[in-house]
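S.K.: Below are the sequence and a predicted model; questions follow.
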There are 2 protein chains.
Amino acid sequence: MLPWRLFLLLSLLSLSFSEETPTSHGLPRPLIIEYPTTAKELDEEQVRLQCDSWRFAVEANNVNPWKTIPQECADYVRDYMMGKGYGFDIDRVSKEAAVYAGSVELSGDGKDVWIFDIDETLLSNLPYYAEHGFGLEVFDPVEFDKWVDKAEALGIQPSLKLYELVLGLGFKVFLLTGRSEEQRSVTIENLINAGFQNWDKLIVRASEDHSKLAVVYKSEKRDEMVREGYRILGNSGDQWSDLLGSSMSIRSFKLPNPMYYIP
Amino acid sequence: MLPWRLFLLLSLLSLSFSEETPTSHGLPRPLIIEYPTTAKELDEEQVRLQCDSWRFAVEANNVNPWKTIPQECADYVRDYMMGKGYGFDIDRVSKEAAVYAGSVELSGDGKDVWIFDIDETLLSNLPYYAEHGFGLEVFDPVEFDKWVDKAEALGIQPSLKLYELVLGLGFKVFLLTGRSEEQRSVTIENLINAGFQNWDKLIVRASEDHSKLAVVYKSEKRDEMVREGYRILGNSGDQWSDLLGSSMSIRSFKLPNPMYYIP
């Protein structure tokens, strides 16, 4: 019986995605509508499933591009970021990366590199996004730059742990960020306050990079590293544009970020 | 106050991952232990968070390689696959891919290609995996081949919808599967029974491909397509080894699969 049940399940899936609530009768609707007592729970389950599905699609790079989080997922994203979910996820990425880092045979010639992105990878801008709807508002670069200038972004502890581990193992650590040359000194200040030190390079956007997509700018910088003889063994970033493109790392680690998308 | 709360939250995250249950006293333990009434719920929440986190890590390609699903996630994966979650996820991938497919300007020279993997992309082996712990058992190629020979895998309806859409738009459809030459005819039979037709190529593993990792074999086949002048515009697969490597597609679509991993 099982295959048949599964066939039904899979065949009926598209039906279950209909957004209309089925009405069980064709009678004129009463003026006062009494919802079944489970309606609220059904709605909540529906929203949770939709937002789970949206988050999976974002993290697997299936939704691309997107400007804001879906309206109906506002509470879901807030709860995820402020609750335990986000913490579990960043901790696991860090641990998986640590297992890999420890398994790599380094050459010892100082050419083995681990790349880290900065925002939502080493530093968390949650205080900013908490004030701006956790991604529900369209990104405002002027407001965000004011926040960056405060150098108050928070260190992401599991990432700091990984950072210190890979440094200790002998990797060269290159920080590759979309932040601009003008933000270099506040970025250094913020990183140091958050416990990060001893990186080998901090690569920021020069004026000629500003018009480039992040995925192009970051690929070009990785291409340069490869031309200089570096081997990119690990790359940690919260955006697919940190990880994809040319001169990709042997292993990439995608940190979760359901709040915004950078192409 | 918010930044401070967030700082505390992020700083304390690693503490919250401790797997030990904190004991609130140092007194000798009573012989009959009374758990707080919420202990079961706490355990359930912990398992759900861990398994959510594991699933995110798998789908973002952070866990790599893995042989079986975590023991504690057996019920979670079964509920996801047999409940609404999987259905929502495959439906969304199909819809996102459809939006992209419809937005692409085709050249009209018959060289625009969409690649589909087969297992867990066009055809579902859920009846097999339901009998084998949904990924809890180590993969048994002999048993699995017996199942494949029955040609009873189920059509994944949202994928069939996408498949028909891209054919209708004028894409060439290439099926690129890890199945072997010996399985070609049962695969064709199964695909046709499930509603798939009019593909342009069905590429299976020849004997010399059997020793290759899937990511290598599939990259080589995409390299060939590119050499023959095809433009790979879309690629749908449930494994990262379907999507990564050389001659990557302009856009890739990762279908969910928390049951098994193919390197």
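M.R.: Right, received. Where do you want to start? Numbering: from 1, shown residues only, chains lettered A, B, ... in the order given.
S.K.: Starting from the strand or helix carrying A:I232, tell me which strands it pairs with and how they run.
M.R.: Assigned by DSSP states H and E, A:I232 falls within strand A:231-237. According to DSSP bridges, strand A:231-237 forms sheet pairs with strand A:112-116 (parallel), strand A:251-254 (parallel).
S.K.: and the nearest residue to A:L169 once chain neighbours are set aside, what element?
M.R.: With sequence-adjacent residues excluded and distances taken as CB to CB, 6 or more residues apart in numbering or on different chains, A:L169 is closest to A:A101, at 5.9 Å. Placement of C-beta: from N, CA and C, glycine included. In this structure, A:A101 sits in helix A:84-103 according to DSSP H and E.
S.K.: Next, the buried residues of that helix.
M.R.: With burial defined by 16 or more other CB atoms under 10 Å in any protein chain shown, the residues of helix A:84-103 counted as buried are A:84-98, A:100-101.
S.K.: what do you get for stretch A:56-69?
M.R.: Buried-residue list, stretch A:56-69, by 16+ other CB under 10 Å: A:F56, A:A57, A:V58, A:E59, A:A60, A:N61, A:N62, A:V63, A:N64, A:T68, A:I69.
S.K.: and the residues you listed, which of them are in helices?
M.R.: Judged by DSSP state H, helices contain the following of these: A:F56, A:A57, A:V58, A:E59.
S.K.: wait, the second one sits on B:E96?
M.R.: Yes. In this structure, A:A57 sits in contact with B:E96. The criterion is CB atoms under 8 Å, and the distance is 6.2 Å.
S.K.: Find the residues that touch each one of those two.
M.R.: Contact criterion CB atoms under 8 Å, 6 or more residues apart in numbering or on different chains; residues shared by A:A57 and B:E96: A:V63.
S.K.: Ends of stretch A:118-138, what's the gap?
M.R.: One end of stretch A:118-138 sits 21 Å from the other (CA to CA, to the nearest Å).
S.K.: repeat for stretch A:162-177
M.R.: Using CA to CA, the span of stretch A:162-177 from its first residue to its last is 18 Å.
S.K.: With stretch A:161-176 instead?
M.R.: End-to-end span of stretch A:161-176 (CA to CA): 18 Å.
S.K.: now what about that stretch, what contacts it?
M.R.: So stretch A:161-176 is in contact with A:94, A:97-98, A:101-102, A:104, A:106, A:108, A:110-118, A:122, A:191, A:196, A:198-203, A:218, A:221-222, A:225, A:230, A:233-234, A:236, A:242, B:14, going by CB under 8 Å, 6+ apart.
S.K.: in it, what's buried?
M.R.: For stretch A:161-176, the neighbour count (16+ other CB under 10 Å) marks A:L162, A:Y163, A:L165, A:V166, A:L167, A:F171, A:K172, A:V173, A:F174, A:L175, A:L176 as buried.
S.K.: Give me the three-state assignment for the last one.
M.R.: In the three-state summary, A:L176 is assigned as strand, counting by DSSP: H, G, I helix; E, B strand; the rest coil.
S.K.: Please name the bridge partners of it.
M.R.: Judged by DSSP bridges, the bridge partners of A:L176 are A:I203.
S.K.: element containing A:Y76?
M.R.: Judged by DSSP H and E, A:Y76 forms part of helix A:74-82.
S.K.: Then A:L191?
M.R.: helix A:184-193.
S.K.: Spell out which residues of the stretch 101-250 of chain A are next to chain B.
M.R.: For the stretch 101-250 of chain A, the residues found near chain B under the criterion CB under 8 Å from any CB of the partner chain are A:S124, A:L126, A:P127, A:A130, A:E131, A:E152, A:L154, A:G155, A:I156, A:Q157, A:P158, A:K161.
S.K.: Among these, which ones are in helices?
M.R.: Going by DSSP H, the helices hold A:L126, A:P127, A:A130, A:Q157, A:P158, A:K161 from these.
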